[in-house]
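Undergrad: I'd like to go over a predicted model; first the sequence, then the structure.
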Amino acid sequence: MIYYPLSTLLLAGIKDLLIISSPRDIPSFENLLGDGSQLGICISYAVQENPEGLAQSFVVGREFIGNQHVALVLGDNIFYGQGFRDILRRACQRDTGATVFGYPVSDPQRYGVVTFDEAGNPLELVEKPDHPDSNYAVPGLYFYDNQVVDIATNLQPSARGEYEITDVNKEYLRRGQLHVDRFTRGFAWLDTGTHESLIQAGDFVQTIEQRQGLKIACIEEIVYNAGYIDADQLGRLANDINNEYGQYLRDLVD
């Protein structure tokens, strides 16, 4: 699944990436991706010792972030739709505040939920509400200016004992600096956090790829099209993969 969040950040034009995971899983990611130089990008790693909430990512990654803006995407989220790159680039270009997204779902109780006023401005954010006033969930994709580091550092744990990303977004909302872009009806957001949703995501990806003959979230293709690597490097990457995926990369070179 790691290819999906990486592809999202790469489509946004972000080349310096930090993967945060558990002590058990980080070595597997390092073995798979290395430092990213073979892709023309830079990948660093950090360990989150205990799963104490998404907002803790900005504390764990504080040194990596420095004084820059930052984006966060969750490892179990898949996005697919026309114009996705433009949506991401617009979010990156905002100089101040935070940008999150709204997506209509049938089970908003599972997510952080955003409500809007009559003018379409964000009005309230609630984490996993029992009785949601909106069906717009906030997907696991967030863009922040550098204020997020101090906001996250000063958070208090929620009743669940976690540092909630919703509380970060609430603070931006309180400051009048929260932008919520709504995905259109034809856009797909897949959250693979349950067994059922993981199977559904696999079926969706398989259907699209077989129908179109194109790969979803192929990071080698993205960096090649972006000019981060050339055809020779793409060919070398392809030759190291002896399966259908490697053949797809070889076809790109041809």
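TA: On my side now, so go ahead. Worth saying up front: this structure is predicted, and the values here are computed from it rather than measured.
Undergrad: tell me the pLDDT at the spatially closest residue to Leu141 that is not a sequence neighbour?
TA: The spatial neighbour of Leu141 that comes closest, neighbours along the chain excluded (Cβ to Cβ, 6 or more residues apart in numbering), is Val73 at 5.0 Å. For the C-beta atoms, the positions are set from N, CA and C on the backbone; glycine is no exception. As predicted, Val73 sits at a pLDDT of 96.
Undergrad: Begin at 773, not 1, for the rest of this chat.
TA: Will do, 773 is the new start, and the previous item becomes Val845.
Undergrad: burial count for Val845?
TA: 22 (other Cβ atoms under 10 Å).
Undergrad: what residues are up against it?
TA: 777, 780-781, 912-914 (Cβ atoms under 8 Å, 6 or more residues apart in numbering).
Undergrad: Surely Tyr944 and Ala870 touch.
TA: Yes - between Tyr944 and Ala870 there is a contact under Cβ atoms under 8 Å: 4.1 Å.
Undergrad: Quick one: list the elements packing against the helix or strand containing Tyr1017.
TA: Tyr1017 belongs to helix 1016-1025 when assigned by DSSP states H and E. Contact partners of helix 1016-1025 among helices and strands, from 3 or more Cβ pairs under 8 Å, 6 or more residues apart in numbering; DSSP states H and E: helix 991-997, helix 1003-1011.
Undergrad: Single out the most deeply packed of the ones you listed.
TA: helix 991-997 (a mean of 20; mean count of other Cβ atoms under 10 Å).
Undergrad: I'd like to know which elements the helix or strand bottoming out on mean pLDDT in the chain is packed against.
TA: Every helix and strand of the chain was ranked by mean pLDDT, DSSP states H and E. The lowest is strand 960-963, at a mean of 89. Using 3+ Cβ pairs under 8 Å, 6+ apart, the elements in contact with strand 960-963 are strand 849-852, helix 967-984.
Undergrad: where exactly do the helices run in the stretch 823-972 of the chain?
TA: For the stretch 823-972 of the chain, the helices defined by DSSP state H, counting those that start in this stretch cover 829-832, 834-837, 856-865, 919-925, 937-946, 967-984.
Undergrad: re the thing from before, mind checking how far the residue nearest to Leu913 is from Ala870?
TA: 14 Å (Cβ to Cβ, to the nearest Å).
Undergrad: what touches both of Tyr944 and Ala870?
TA: 916, 950.
Undergrad: Return the distance of stretch 822-829 from the chain's centre.
TA: 15 Å (Cα atoms, centre = their mean, to the nearest Å).
Undergrad: From start to finish, how long is that stretch in a straight line?
TA: 11 Å (Cα to Cα, to the nearest Å).
Undergrad: so for that stretch, what's the average pLDDT?
TA: 91.
Undergrad: now do stretch 918-938
TA: On average, stretch 918-938 scores 91.
Undergrad: Equivalent analysis for stretch 880-896, please.
TA: In the prediction, stretch 880-896 has an average pLDDT of 91.
Undergrad: Okay, buried residues for that stretch please.
TA: 880, 883-887, 894 (16 or more other Cβ atoms under 10 Å).
Undergrad: Closest one of those to Asp939?
TA: Gly884 (9.7 Å; Cβ to Cβ).
Undergrad: ok, Asp848 - how many residues close by?
TA: Asp848, neighbours per other Cβ under 10 Å, totals 17.
Undergrad: That one touches His967, doesn't it?
TA: No - the pair Asp848 / His967 is not scored as a contact, 11.9 Å apart, by Cβ under 8 Å.
Undergrad: which neighbours do these two share?
TA: Common neighbours of Asp848 and His967 (Cβ under 8 Å, 6+ apart) do not exist.
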